[in-house]
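**Q** predicted structure and sequence below. I'll ask about it afterward.
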Amino acid sequence: MKIVHLANHAEKIGNGIVNVMVDLACLQSKAGHQVAVASSGGSFEALLERHGVRHLTLPQSPRPWRVPAMLWGFRRVIAETRPDVVHAHMMTGAVLARIGRGRTPYTFVTTIHNEFQRASNLMGLGDRVVAVSEAVARSMAQRGIPEARLCVVRNGIIGAPRFEREGATVPVPALHRPNLVTVSGLYERKGIHDLLHAFRHLKSRVEQAQLYIVGDGPDRAKLEALALELGVKDSAHFLGYIADPRPYLAQADVFVLPSHSETSSLAIMEAREAGCAIVATNVGGIPETLDQGAAGIMVPVSDRIGLAGAVERLLLDDESRRTWQLRAAQNLDAFSAQRVCNEYMQIYAGAAALHRTPSMKEAAHFADGHDMPGR
C-alpha cells in the first residue's frame, strides 16, 4: 500500500500529534508499505529516513492567502506518490486532502488528536474519521460526524520507533526525593498552574518534596513566575523539553498530570510503562488510559487540595505507593505502537467501502462549524 501522511511539521518538540504520526509511518514502512510524510519538515526527518519513510516538503498554513500555493504543492505530492491512502493528522492537511482530491481515487483518513479545538470539525471531512479515545468519538458524534464514519484507535507508545537508542546516551541527573514528576506541554489546558498551587500545599506537609516539570511551551515564563510568587521556585524544577523522558519517569515517586482537557495522554502511557504511581485528573480520555481508575488515582479537574492530598498519601505511604506502581504496570499490551499500526491498516482497508464522502458544499458548511447532515 502507498500511504502519505500530512502534518504541519515534523519537529521533535513534544507535539503528541507529530509523535504518533512518526511512529505510525515508521512501523508502516517496516511492514513493507511505501510511506511518505508531507510537511514543512523538521528534526524527525533523519528518523523517518532511517526507517525508509520519504519526507516531502509541503509547507502548510491556516492562512487563506496560502491556499493556492498549498494546493499546488499538495497536488505535486500526489502526482509524485500516487497514494492509495492520504492520512491527515492536522486540520490544514484535512482541508487540502479533501479539496485537492478531485477525481484522484485515494482513500482519505483523518485522525482527531485534539477535539477541544473548535476547528477540529474539519477533521470530519475524511472517508474515515479516527478518534484517539472513546471520549473523543462521543464528542465528535455529538458535533455531527456520522457514526458510520467514526472509529477509535487509542494511541500507543511501547515499541515506538522514536525511542530507539542512537549512540551514547545522555547522562540523566539524579532526582532528589521525595518527588513528583510531570511530563507536559506548558499550556494552560494542561493545568500546570493547578499543580504548582497543589505543590505549595503539599510542601506544608512534606517539606522536602521536589517537583520536576519535563516539557516546554508558551506558558513557561508565566508558570516560572507563579512558582516564584508561591514561594516554591527552589523546589519546582523546570527541565524543558526532553525527547525521551523515560529516565526521569524511572526516578519518579509519583507521576502527576493535572490536565483540564486531554484526548489521549502519551505521557500517562509512558508513566505506566515506567511503573509510576499516577495521579491525574478525571477528564477526557484519561480514564481510558488509566483503565477507568484501576491503574491510577483520578481527581476532579482544578481540585488543587484533592490533588495535593492524593500525592501526599502516595509519598508518605510506601505500601500504597507500591500498590499503585504495580497497578500501573499491568495490562500494558493495550499501549503497543504495533497494535496502533495494525488497527490503522485495517481502517485503511475498510475505508474504501464507504458509500459516500462529504460534498464540497457540505465541506464548506461543516468548516463553518455546523453539524454534518445525516447520522
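**A** Yep, that arrived.
**Q** from here on, just use CA atoms for contacts and neighbour counts.
**A** Noted.
**Q** just give the nearest non-adjacent residue to His260, would you?
**A** Closest residue in space to His260, ignoring its immediate chain neighbours: Arg189 at 5.1 Å, by CA to CA, 6 or more residues apart in numbering.
**Q** count of neighbours near the one you found?
**A** 14 (other CA atoms under 10 Å).
**Q** outline the domain layout of the protein.
**A** With domains defined by automatic domain parsing, the chain comprises 2-156+337-367, 179-333.
**Q** distance of Gly185 from Asp216?
**A** Gly185 sits 5 Å away from Asp216, going by CA to CA, to the nearest Å.
**Q** revised request: answer the last question for Pro64.
**A** Distance from Pro64 to Asp216, counting by CA to CA: 29 Å.
**Q** of the two, which one has the most company?
**A** Shown here are Pro64 and Asp216; by other CA under 10 Å, Asp216 has more neighbours (20 against 8).
**Q** what's near enough to touch that one?
**A** Taking CA atoms under 8 Å, 6 or more residues apart in numbering as the criterion, Asp216 is in contact with 184-186, 240-241.
**Q** closest one of those to Phe116?
**A** Gly185 (15.4 Å; CA to CA).
**Q** for the closest one, what are its contacts?
**A** For Gly185, the set of contacting residues under the criterion of CA under 8 Å, 6+ apart consists of 14, 215-217.
**Q** out of the residues you listed, what pair is the most spread apart?
**A** The widest separation within the contacts of Gly185, taken as CA to CA, falls between Gly14 and Gly217 and amounts to 9.4 Å.
**Q** and the two? Which one has more around it.
**A** Counting neighbours by other CA under 10 Å for Gly14 and for Gly217 shows that Gly14 has the greater number, 18 against 15.
**Q** gap between that one and Ser320?
**A** As judged by CA to CA, Gly14 and Ser320 stand 31 Å apart.
**Q** where do the helices of the stretch 151-300 of the chain begin and end?
**A** 192-203, 220-230, 246-249, 266-273, 286-289 (DSSP state H, counting those that start in this stretch).
**Q** quick one: list the elements packing against the third one.
**A** Meaning helix 246-249. Counting contacts by 3 or more CA pairs under 8 Å, 6 or more residues apart in numbering; DSSP states H and E, helix 246-249 is packed against helix 266-273.
**Q** contacting residues around the helix it packs on?
**A** Judged by CA under 8 Å, 6+ apart, the contacts made with helix 266-273 from elsewhere in the structure are 16, 155-158, 183-184, 246, 249, 255, 257, 278, 289-290, 295, 328-329, 332, 335.
**Q** let me see the mean pLDDT of it.
**A** pLDDT averaged over helix 266-273 equals 98, rounded to a whole number.
**Q** now that helix - C-alpha only, PDB.
**A** Output for helix 266-273, consisting of C-alpha atoms alone and laid out as PDB, is shown next (Å, rounded to 0.1, in the frame of the first residue of the first chain):
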ATOM      1  CA  LEU A 266       1.100   9.600  25.700                       C
ATOM      2  CA  ALA A 267       2.700  10.800  28.900                       C
ATOM      3  CA  ILE A 268       0.500   8.700  31.100                       C
ATOM      4  CA  MET A 269       1.200   5.700  28.900                       C
ATOM      5  CA  GLU A 270       5.000   6.400  29.400                       C
ATOM      6  CA  ALA A 271       4.400   6.700  33.100                       C
ATOM      7  CA  ARG A 272       2.600   3.400  33.200                       C
ATOM      8  CA  GLU A 273       5.300   1.700  31.200                       C
END
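**Q** so how far is that helix from its chain's centroid?
**A** The gap between the average C-alpha position of helix 266-273 and the chain average comes to 11 Å, counting by CA atoms, centre = their mean, to the nearest Å.
**Q** what's the answer for stretch 32-43, then?
**A** With CA atoms, centre = their mean as the basis, the mean position of stretch 32-43 lies at 18 Å from the chain mean.
**Q** got a list of contacts for it?
**A** Taking contacts as CA under 8 Å, 6+ apart, the residues outside stretch 32-43 that touch it are 1-12, 25, 28-29, 52-60, 77, 81.
**Q** which stretches of the stretch 101-250 of the chain have low pLDDT?
**A** Under the criterion pLDDT under 70, the flagged ranges of the stretch 101-250 of the chain are 166-169.
**Q** what about the helices in the stretch 1-150 of the chain?
**A** The residue ranges that make up the helices of the stretch 1-150 of the chain, judged by DSSP H, counting those that start in this stretch, are 16-30, 45-50, 67-81, 91-99, 134-142.
**Q** which one of those helices is the most hemmed in?
**A** When you average the neighbours per residue for each of those (mean count of other CA atoms under 10 Å), helix 91-99 leads with a mean of 23.
**Q** gap between the nearest residue to Cys26 once chain neighbours are set aside and Glu115?
**A** If you skip the residues right next to it in sequence, Cys26 has His51 as its closest partner in space, 5.5 Å away by CA to CA, 6+ apart. His51 sits 30 Å away from Glu115 when distances are taken as CA to CA.
**Q** then Met21?
**A** Note on Met21: its distance to Glu115, by CA to CA, is 17 Å.
**Q** lovely, talk soon.
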